[in-house]
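1. okay, predicted coordinates and the sequence, questions at the end:
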Amino acid sequence: MKYDVVALGELLIDFTCTAADAEGYPTLAAHPGGAPANFLAAVAKFGGRAALLGKVGTDAFGRLLRQTLRRAGIETRGIVASDDVFTTLAFVTLDENGDREFSFSRKPGADTQLCFDELELSLIDEARAFHFGSLSLTDEPSRTTTRRTVAYAKERGKLISFDPNLRKPLWKDLDAARAQMLWGLSQADVVKIGDEEIDFLFGLGPEDGARKILEEYGAKLVFATCGADGCLFANRSVSGHVDALKGVKVADTTGAGDIFGGTALCKLLELGKRPEELNEAELRRIVGFACKAAGLSVGIPGGISAVLALPEDLS
C-alpha cells in the first residue's frame, strides 16, 4: 500500500489567544489546524505515510495550509481548492474562567462544501486505514460525502478510525450532534474519544463508556483520553490505563487529542496486527508513546506545528 492513513475532513486556520487588551479584545496568532490534519501530521512525524481529502479556498490561507501539509509530509493531491468558498477559520479564546472557547467562521466554510464527486478516491484505494471525525458530519454536502466515503472505504476492507470530536457551536442542535457521532461510532474499528464526548453521548465515565462502545457499537479498540489524567484503552480482551506525560508547561491544548490519535494509529499499524488481537503489553506501548507525543504538543501553540519528535529519554 502507498499510504498508511488517509483522512477526510477539515483543514483550517486556528487563531489562538496570546493576550488581551484592557477591554478584553484578544490578540490572536494564526496556526494551521483541523482535527484530521493534526491527526495526519502525527502519523507522518512518526514514520507513517499520510494523505488528506479536504477542501479549502483559493485564498491566502488555503495556499498556506496546502504548503504546510506538504512540509509536514502529508500528500495534498486530495485537497480541493475552490474560488466559491473561503477557507474555514476557528477562533480559540479564553473565557472568564480561563477555559477555551471556540468561535468559527464557517457559514459556510470550505470544508463543509466538499462533495463526493470531488474526491480523489484512489488515495483510499492505496491506503491501509481511513480516518474521519465528526466535524465533517455537521453540514451538507460534507455529511453525505463523509457517509459515502466511509462506505467506500469499508467496502474495500480498510481499517476505519473515528474521532467523535465535539464542537457544540458548529451544530444546529445537540440531538443532531449526538445522532451523527453515534453513527460514526457504529462504523469504526478504532475509536479515539475524549472523556467529555463520552459524558455527552452516554452520561458515563471513560471505562464504562469504552466498554459500551465495544459491546454495542462494534468497535474493536477504544482509546478514551482524559486530558491530564492520561488514557484508558480497551479492546474485547484487555483494558488498562496509562498516565499522561508529567511536568509539562501547558501553552495550548488545541490538537493534543488529535496528535494522540494519529500517533496511536501509526504505532498500531507498525505492529501489523488487528486491533482486537493486541495484548495488554502492546497496547501499553502504543498508548504510552501516544501520551508522550500529545503531552509534548501542549507546550507549543497550534496543532500541525505542535507535533514533535520524542527525545531519546522519552521514546
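-> Alright, I've got the coordinates.

2. mind listing the helices for the stretch 1-150 of the chain?
-> Along the stretch 1-150 of the chain, counting by DSSP state H, counting those that start in this stretch, helices occupy 35-45, 60-71, 122-125, 142-155.

3. extract the CA atoms of the third one and return them as CSV.
-> As requested, C-alpha coordinates have been extracted for helix 122-125 and formatted as CSV (Å, rounded to 0.1, in the frame of the first residue of the first chain):
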residue,chain,number,x,y,z
SER,A,122,-7.5,6.4,-5.5
LEU,A,123,-5.9,7.6,-2.3
ILE,A,124,-8.3,5.4,-0.3
ASP,A,125,-7.6,2.5,-2.7
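
4. who does that helix touch, helix- and strand-wise?
-> If you count contacts as 3 or more C-beta pairs under 8 Å, 6 or more residues apart in numbering; DSSP states H and E, helix 122-125 packs onto strand 3-8, strand 50-57, helix 142-155. Bear in mind the C-beta positions are built from the backbone N, C-alpha and C, glycine included.

5. compare those and give me the one nearest residue 103.
-> Across the helices and strands packed on helix 122-125, the minimum distance to residue 103, taken as C-beta to C-beta, is reached by strand 50-57, at 18.7 Å.

6. rewinding a little: reformat the helices and strands packed on helix 122-125 as a markdown table; add mean pLDDT.
-> Putting those into a markdown table (pLDDT from 0 to 100) gives the following:
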| stretch | mean pLDDT |
| --- | --- |
| strand 3-8 | 98 |
| strand 50-57 | 98 |
| helix 142-155 | 98 |
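
7. how many other residues sit next to residue 88?
-> When neighbours are counted by other C-beta atoms under 10 Å, residue 88 registers 29.

8. show me which helix runs longest in the protein.
-> Counting by DSSP state H, the longest helix found in the chain is helix 280-297.

9. and the angle from that helix to helix 35-45?
-> With axes from the mean of the first three to the mean of the last three C-alpha atoms, to 10 degrees applied, the angle from helix 280-297 to helix 35-45 works out at 110 degrees.

10. tabulate the CA atom coordinates of helix 280-297 in PDB.
-> Presented in PDB, the C-alpha positions along helix 280-297 are these (Å, rounded to 0.1, in the frame of the first residue of the first chain):
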ATOM      1  CA  GLU A 280      -2.000  -5.500  27.100                       C
ATOM      2  CA  ALA A 281       1.700  -5.000  26.800                       C
ATOM      3  CA  GLU A 282       1.400  -4.000  23.100                       C
ATOM      4  CA  LEU A 283      -1.400  -1.500  23.900                       C
ATOM      5  CA  ARG A 284       0.500   0.000  26.800                       C
ATOM      6  CA  ARG A 285       3.500   0.700  24.500                       C
ATOM      7  CA  ILE A 286       1.200   2.300  21.900                       C
ATOM      8  CA  VAL A 287      -0.700   4.400  24.400                       C
ATOM      9  CA  GLY A 288       2.400   5.300  26.400                       C
ATOM     10  CA  PHE A 289       4.100   6.600  23.200                       C
ATOM     11  CA  ALA A 290       1.000   8.500  22.100                       C
ATOM     12  CA  CYS A 291       0.500  10.100  25.600                       C
ATOM     13  CA  LYS A 292       4.100  11.400  25.400                       C
ATOM     14  CA  ALA A 293       3.600  12.800  21.900                       C
ATOM     15  CA  ALA A 294       0.300  14.500  23.000                       C
ATOM     16  CA  GLY A 295       1.900  15.800  26.200                       C
ATOM     17  CA  LEU A 296       4.800  17.400  24.400                       C
ATOM     18  CA  SER A 297       2.400  19.100  22.000                       C
END
